[in-house]
Structure formats: structure tokens, C-alpha cells
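In: Model the following, please.
(one chain, ligands or ions: 1)
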Amino acid sequence: MEDSDEEPPLAVEINDAANSNQLTESSELPPVGITVITGYLGSGKSTLINYILKAQHGKKIAVILNEFGEELGVERAMINEGEEGNLVEEWVELANGCICCTVKHSLVQALEQLVQRKERLDHILLETTGLANPAPLASVLWLDDQLESDVRLDSIITVVDAKNLRYQLKPNPDSSSFPEAYLQIAFADVIILNKVDLISQHDSGAVLEELEKEIRDVNSLANIIHSVRCQVDLSKILNCQAYDPTHAAHLEALLKENKSLTTKGLHDSEVRTLCICDAQQIDLDKVRIWLEELLWDKKYGMDVYRCKGILRVRNSDELHTLQGVREIYEIVPSRKWRNEEIQMNKIVFIGRFLNEEILLQSLHTCIVGTN
Ligand SMILES: Nc1nc2c(ncn2[C@@H]2O[C@H](COP(=O)(O)OP(=O)(O)OP(=O)(O)O)[C@@H](O)[C@H]2O)c(=O)[nH]1
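Out: Numbering: from 1, shown residues only. Now for the predicted structure:
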């Protein structure tokens, strides 16, 4: 894609395992993981970053603090110097503009520059201050042709303020805009429910349960972690490999674990999670057509932010995984079905205007033998 492009990137379909394997085969070292950190104003993003930088994990971690949309053309990158814990500042140059066009190229370049430093980094954190919607960033970092080998999206972490979440999810009566907190929750792989110390002690259990339910109604797939001052177990937030198709065990576990997938009480226009299941074999070509109609053409008027699933594909003894972020999706054979397993299709959608009946009916057009 050219620098001057003003249009959002075209939807790209990547449908074979070979493509994703190229990333690691072409370079000797595995790509450096990037964690995108989002969250409402004051939720605790900087607190999390400071905690990660100062913790004694012995890893060399770079942080890019990015004020998307700001006039400034340079951004501060802070890098900790491993065990000594000193922080070093570097500047990476980023063009001004919208992430889906001009910034995209320079962000990719900045990341590659960082990764090519003499001393190898173990991880990169990207704080998206000022960016309400992490989706375009996810698309750039996840399956982008420019980002050939050196970095890969590890996960999106959303920090949520337990005390104020309720207010942040309420529509603003003076504005027709959609509360951005919804989008940040919808696109998260991990949600840190921070500031739990500010919930009154005597009913904190019930309040936290209710908050978790509200989060799960929007996004049933994310892992929710409670915290005070973002002091979390780093093994739960770094190296999650949330977008790695070969990391299917993670996806399968998520699918199994989902308890509250029927959010029937919610209004269609609200962001929610919905799951459809069907045991019949499906035709992969038809599934691609179905998904493209759904995600690209918006044939059924649904606004799908994310989809994840496992598929039972015709003429294959392998479980296939599906991942989608907005218009981009990937279907990859993951592993052989086990003898004791019930083979089935199970797809989770997160988005607005989702209709379970239409999703299920339209999925039926992909079943082997239907026209
Ligand atoms: N009581 C309490 N305060 C917290 C906790 N976590 C963070 N804070 C405080 O909340 C305030 C905001 O935290 P930050 O980490 O700056 O939040 P942020 O999301 O980076 O803020 P912006 O960059 O303004 O969006 C700071 O004063 C923190 O010290 C917590 O768990 N409990």
C-alpha cells in the first residue's frame, strides 16, 4: 500500500497456513511480540506500563507511547535495560495522520527499526493514548503484508476502571456517538479490571461479579484479570499469542469455557457476543463466500468486530480455526480431530446488530450438499 493512499486498506483474505509460517521461516529469530494497550482515560494504562517496565522479569521491553492524531511527528519509545531496570529513551518517527493510511507505513517502519537495534528486544508495548478504537491498529499489526517478519501482534489489552466502568458504558445523552469504552472492550483479548480497591469492601464480591457480567455481555472471549494498580501476573498478559493460528489450544479453551454466550436480554444495537454451533460438515469455499458477504458486503446488516471459531471442514480430518478482526479473516487447519471429540462448527461473534437466527441460517448454506 502506498503512503499517499487515503482509502482504508482493502480487505485481505489469508487462508493458508503457509502464509503465516513464512514469517518465522524467513528470519532466524522468532518475531517480537507487540501488545497493544488501550483503555479509557485514567483507567491505569501508564500504571500498567510502569509496572511492566520496572518488574524484575529480566526481559528487554520497549514501549511506544503513541498519541495518534497529535501534530507531533515523533513519539517517545522507552526501553528498559533488562535486569538493571534502567530506562532508556529513544525517539521513533511517526507520520501524522490516520492509522489506516499514512501512519500505517511509518508505524511499521518504526517498529522494524526498533526491532533491528543491536540488542534484541523481547517484547514491545504500544500504548494507544488518544485512540478510541483499536481495530485499525489490530488490522495493521496482525496480518499485514508490510510487516513481513520482525514483529507480530501478541494481544490487545484493555485496562478498565472498576469504579467508573458503568458511567463509561452509558451513552452520552448529549452526543449521538457510541461510547468508546465498548469498542475497547470488544476488541480486547485480555481485560484488566483495575482499581478494584475503590469498590467498597462490604459488597465488593457482588459488584465485581456484576461488572464482569457487563464485560462478558460485550466480549465473552477475553480473559478478565482483577487488579490493584495493574499489578498482574505478567505471564497472563505477555506472550499470549492471541492471534497465532497454531496456538489453537487457546482458542479451543476459550470456546469451551464460554458460559454466558446467549445475551438475549440485550438490545440488537448493543455490542455483544453471540455464538453459533452446528455439527454438520461445511464446505470451505462456501464458508469464505459466507464470511465475505457478512464481513465485507455487510449483506445482513451486521457490524462484526471480531469472530473466532473452530470449523469442521469437508474432506479434512483437521480442526480448522477461524479468526477475524473487522474485514480481515484467516482460516487455518490447526490439528487433527481427536477420536473422542465431537466434531462441530462453533463460531463466536462480537459486534452490533448481530442476529443469531440469520447467522445460523446463513451458515447452513455452507453445509456440504446445499446449494
Ligand atoms: N486507587 C487506585 N488508583 C489507581 C489504580 N491504578 C491507577 N491508579 C491511579 O489512577 C490515576 C490514573 O492512572 P494512569 O495510569 O495515569 O491512567 P492512564 O490510563 O494512563 O491515564 P491517561 O493517560 O490519562 O489516559 C493515577 O493517579 C494512578 O495512580 C488502582 O488500582 N487503584
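
In: From here on, just use CA atoms for contacts and neighbour counts.
Out: OK.

In: what about residue 345, distance to residue 308?
Out: Taking Cα to Cα, to the nearest Å as the criterion, residue 345 is separated from residue 308 by 11 Å.

In: Quick one: residues contacting residue 324.
Out: When contacts are counted by Cα atoms under 8 Å, 6 or more residues apart in numbering, residue 324 is found next to 305-308, 330.

In: 10 Å instead, please
Out: Taking Cα atoms under 10 Å, 6 or more residues apart in numbering as the definition of contact, the neighbours of residue 324 are 13, 139, 243, 291, 295, 304-309, 330-331, 349.

In: With secondary structure as extra columns, can I get those in a markdown table?
Out: Formatted as a markdown table, the entries for the contacts of residue 324 read as follows, by DSSP: H, G, I helix; E, B strand; the rest coil:
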| residue | secondary structure |
| --- | --- |
| 13 | strand |
| 139 | helix |
| 243 | coil |
| 291 | helix |
| 295 | helix |
| 304 | strand |
| 305 | strand |
| 306 | strand |
| 307 | strand |
| 308 | strand |
| 309 | strand |
| 330 | strand |
| 331 | strand |
| 349 | strand |
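
In: I'd like those written out as a markdown table, with distance to residue 188 and neighbour count added.
Out: Putting the contacts of residue 324 into a markdown table (distance: Cα to Cα, whole Å; neighbours: other Cα atoms under 10 Å) gives the following:
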| residue | distance to residue 188 | neighbour count |
| --- | --- | --- |
| 13 | 22 | 15 |
| 139 | 13 | 21 |
| 243 | 12 | 23 |
| 291 | 21 | 19 |
| 295 | 19 | 25 |
| 304 | 14 | 23 |
| 305 | 11 | 21 |
| 306 | 10 | 23 |
| 307 | 12 | 22 |
| 308 | 13 | 24 |
| 309 | 16 | 23 |
| 330 | 18 | 22 |
| 331 | 20 | 23 |
| 349 | 13 | 25 |
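
In: The ligand contacts on the stretch 51-200 of the chain?
Out: 194-195, 197-198 (Cα under 6 Å from any ligand atom).

In: my read: residue 333 touches residue 313, true?
Out: Yes - the criterion here is Cα atoms under 10 Å, and residue 333 meets it with residue 313 at 9.2 Å.

In: which residues are in contact with both of these two?
Out: Here residue 333 and residue 313 have 319-320 as joint contacts, going by Cα under 10 Å, 6+ apart.

In: Let me see the ranges of the helices in the chain.
Out: For the chain, applying DSSP state H gives helices covering 17-26, 45-54, 102-115, 135-142, 165-169, 180-186, 204-218, 248-257, 284-295, 356-364.

In: Among the residues of the stretch 51-200 of the chain next to the ligand, which lie within strands?
Out: Within those, membership in strands is found for residue 194, as judged by DSSP state E.

In: most neighbours, which of the residues of the stretch 51-200 of the chain next to the ligand?
Out: With neighbours defined as other Cα atoms under 10 Å, the most crowded of these is residue 194; it has 25 neighbours.

In: Now that residue. Nearest residue, chain neighbours left out?
Out: Among residues not flanking residue 194 along the chain, residue 227 sits closest, at 4.7 Å (Cα to Cα, 6 or more residues apart in numbering).

In: wait, what's in contact with that neighbour?
Out: Applying Cα under 10 Å, 6+ apart, the residues near residue 227 are 159-162, 192-197, 233.

In: Pull up the gap between it and the ligand, please.
Out: Remark: distance between residue 227 and the ligand (Cα to the nearest ligand atom, to the nearest Å) = 6 Å.

In: ok, now how distant is that residue from residue 364?
Out: Distance of residue 227 to residue 364, computed by Cα to Cα: 43 Å.

In: thinking residue 61 is in contact with residue 51, fair?
Out: No - look at residue 61 against residue 51 with Cα under 10 Å: they stay out of range, at 11.8 Å.

In: Look at those two and report which has more neighbours.
Out: residue 61 (22 against 16).

In: Quickly list what the nearest residue to the more buried one once chain neighbours are set aside is bridged to.
Out: Nearest-residue entry for residue 61: residue 123, 4.9 Å, with adjacent residues in sequence omitted and distances by Cα to Cα, 6+ apart. According to DSSP bridges, the partner residues bridging residue 123 are residue 33, residue 61.

In: Contacts only, for residue 123.
Out: The neighbourhood of residue 123, defined by Cα under 10 Å, 6+ apart, consists of 31-35, 59-63, 79, 115, 151-152, 154, 238-239.

In: Kindly report the same for residue 204.
Out: Taking Cα under 10 Å, 6+ apart as the criterion, residue 204 is in contact with 196-198, 210.

In: where's it relative to the ligand, distance?
Out: In this structure, residue 204 lies at 14 Å from the ligand, with Cα to the nearest ligand atom as the measure.

In: ok, now residue 58?
Out: Here the distance between residue 58 and the ligand works out to 23 Å (Cα to the nearest ligand atom).

In: Quick check on that residue: phi, psi?
Out: The phi/psi pair for residue 58 (degrees, to the nearest 10) reads phi 70, psi 10.

In: so how many other residues sit close to it?
Out: Per other Cα under 10 Å, the neighbour tally for residue 58 reads 15.

In: pLDDT at it, what is it?
Out: According to the prediction, residue 58 has pLDDT 79.

In: and what of residue 1?
Out: With respect to pLDDT, residue 1 has a value of 36.
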